[in-house]
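Chemist: Sequence first, then the predicted structure, then my questions.
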Amino acid sequence: MTTLLDTRTKPIDKARPRHPEKAGRPDTPLQRKPPWIRVKAPGSPVYRETRAIVRENNLHTVCEEAACPNIGECWSKKHATMMIMGDTCTRACAFCNVRTGLPGPLDPQEPDHVGQAVAMLGLEHVVITSVDRDDLNDGGAAHFAAVIGATRGRAPATTIEVLTPDFLRKDVALEIVVTAKPDVFNHNLETVPSLYRTIRPGARYFHSLRLLQRAKELDSELFTKSGIMVGLGESRDEVLQVMDDLRSADVDFLTIGQYLQPTRKHAAVERFVTPEQFEDFKQAAYAKGFGLVASSPLTRSSYHAGEDFARLQAARRNAPIER
């Protein structure tokens, strides 16, 4: 997991609903979290130092806004994920707590701001993600490339992982991002195909799968990664089929984590998957040939991303890795 940093400078309009498209929906039930979901409250000296750097640079964290359960651990290790292109997404996924609506223009200074923040935090590995920007001709691909370039300039020793939107109907967008030479290309399938219509209605499962496959075709040395949530009503067989689909697309790394419902207006948690079931998924994924698998209730797409990247590199070199 990770710290999501939104580097926009304009204040939030608190009068506007965060999810206007969900306001008229009936409330869904909120289940009590089981013991294995609970974590210690943050407060270590390094956590406070990370928070001070965030405040000093006038950065906003989605981890704070979403009350991420991993914030204490991640900030105590200065793990961070930069969220670029604003705080407003053009999609309206049923699971996501990011603000939805019509985004503002891109900030031309953002690439340098991100690079500066990465350097100040002293990150060995950074994950750069974004909102969906269907309003842009290239989906924000050129902005991704600019952020990668600026980060390389400010922090040349930092390895870079991008967690991109699907660039649906955005010709050559993927090529622009891959040409910028990130170390890891990450795009999440999020859920099983049968749930796309209700959980991820703006996306297309096989388009996302092809995006991951095409990234590896464009650069065979690129590490590719994807993740899904469980607890939304999927079956075990459906999860295993997603694994097979990802391996057919030559994806290296799979993450599996528990879906946690942000509000009563979001999709309900159908069940809490046990740690034993996550271990079962992990062993099944390794048996199918993934180079690395992270599967636990609190796993998120960028959780332990730096350590995992080092393990991926070791796995590719056929060096022993700890599972």
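Modeler: Here it is on my side, so go on.

Chemist: Show the subsequent helix or strand relative to the strand ranked longest in the chain.
Modeler: Identified as the longest strand of the chain according to DSSP state E is strand 223-230. Using DSSP states H and E, the helix or strand that follows strand 223-230 in sequence is helix 236-248.

Chemist: and that next one, which residues are buried?
Modeler: With burial defined by 16 or more other Cβ atoms under 10 Å, the residues of helix 236-248 counted as buried are 238-239, 242-243, 245-246. From N, CA and C alone the C-beta is placed, and that goes for glycine too.

Chemist: Equivalent analysis for stretch 166-185, please.
Modeler: Residues 166-168, 170, 173-174, 176-178, 180, 182-185 are the ones in stretch 166-185 that count as buried (16+ other Cβ under 10 Å).

Chemist: Stretch 116-129 now?
Modeler: Neighbour counts over stretch 116-129 (16+ other Cβ under 10 Å) mark 116-119, 121, 123-129 as buried.

Chemist: Which one of these is nearest to residue 276?
Modeler: Taking Cβ to Cβ as the measure, residue 276 lies nearest residue 127 of these, at 28.5 Å.

Chemist: which residues touch the closest one?
Modeler: Shown in contact with residue 127 (Cβ atoms under 8 Å, 6 or more residues apart in numbering): 2, 80-82, 161-163, 186, 301-302, 305.

Chemist: try residue 154
Modeler: If you count contacts by Cβ under 8 Å, 6+ apart, then residue 154 has 112, 115-116, 118-119 around it.

Chemist: Try it again at 7 Å.
Modeler: Contacts for residue 154 (Cβ atoms under 7 Å, 6 or more residues apart in numbering) come out as 115-116, 118-119.

Chemist: And the pLDDT for residue 322?
Modeler: Here, the pLDDT recorded for residue 322 equals 52.

Chemist: picking up where we left off before, cross the buried residues of stretch 116-129 against strands and list the overlap.
Modeler: Judged by DSSP E, strands contain the following of these: 125-129.

Chemist: all helices of this protein, in order?
Modeler: Taking DSSP state H as the criterion, the chain carries its helices at 45-56, 62-65, 71-76, 110-121, 141-154, 173-179, 196-199, 205-218, 236-248, 275-287, 305-316.

Chemist: Who are the packing partners of the fourth one?
Modeler: Spelled out, that is helix 110-121. The contact analysis (3 or more Cβ pairs under 7 Å, 6 or more residues apart in numbering; DSSP states H and E) places helix 110-121 against helix 45-56, strand 81-84, helix 141-154.
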